[in-house]
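S.K.: Let's see this in three dimensions:
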Amino acid sequence: MSSIDGSRDYGVIVIGGGAPGEHRAGAPAEGGLRVAVVERDLVGGECSYWACIPSKTLLRPGEAVQGAREAAASAQVDVEAALAWRDFMVSDYSDAGQERWLADRGIDLLRGCGRLAGPGVVEVDGVRI
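M.R.: I've put the predicted structure just below:
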């Protein structure tokens with residue numbers, strides 16, 4: 001993770017480190033541009049930590065129980081195990097893997113709230129870049 005330095009110039013600054021933001025940052029970095037991603041929460045975004053992955057992970061045990069019942073068997077969800085599996089699937093709410101992915105591609109991660117502040121200027125927590 002990079003500290004926010006208003007004197008650095010970037011060819012591309014992506015606001016939002018969800019899956020689309022990570023993807024969007026990769027191509028210009030591969031092309032040799034200096035790239036930064038601004039993220040106020042976890043890199044990987046809503047889908048990775050709070051929506052798609054954890055919800056589908058928690059839906060599956062219930063579906064398996066329903067399938068067992070439809071096959072004239074009995075089953076029940078082990079709630080503690082289901083929640084532990086969910087936590088594993090969301091990397092225990094750590095985005096260290098995504099941080100490494102960005103760093104390995106030479107992409108700076110700027111933690112904070114970003115906004116467009118004028119032509120060619122992004123502001124991150126009050127620092128103009």
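S.K.: just checking, E80 is part of a helix?
M.R.: Yes: per DSSP: H, G, I helix; E, B strand; the rest coil, E80 lies within a helix segment.
S.K.: could you pull out the helices for this protein?
M.R.: 19-30, 45-49, 52-70, 79-89, 96-104 (DSSP state H).
S.K.: Distance from the chain centre to the shortest one, please.
M.R.: Remark: helix 45-49 is offset 5 Å from the chain centroid, using CA atoms, centre = their mean, to the nearest Å.
S.K.: go on, the third one?
M.R.: Centre-to-centre, helix 52-70 and its host chain are 24 Å apart (CA atoms, centre = their mean).
S.K.: can you check the first one too?
M.R.: Between the mean C-alpha location of helix 19-30 and the chain-wide mean there is a distance of 12 Å, by CA atoms, centre = their mean.
S.K.: quick one: buried residues of it?
M.R.: By 16 or more other CB atoms under 10 Å, the buried positions in helix 19-30 come out as A19, G21, E22, A25, G26, P28, A29. Every C-beta, even on glycine, is put in place using the N, C-alpha and C of the backbone.
S.K.: ok, now stretch 53-60?
M.R.: Buried residues in stretch 53-60, defined by neighbour count with 16+ other CB under 10 Å: I53, P54, T57, L58.
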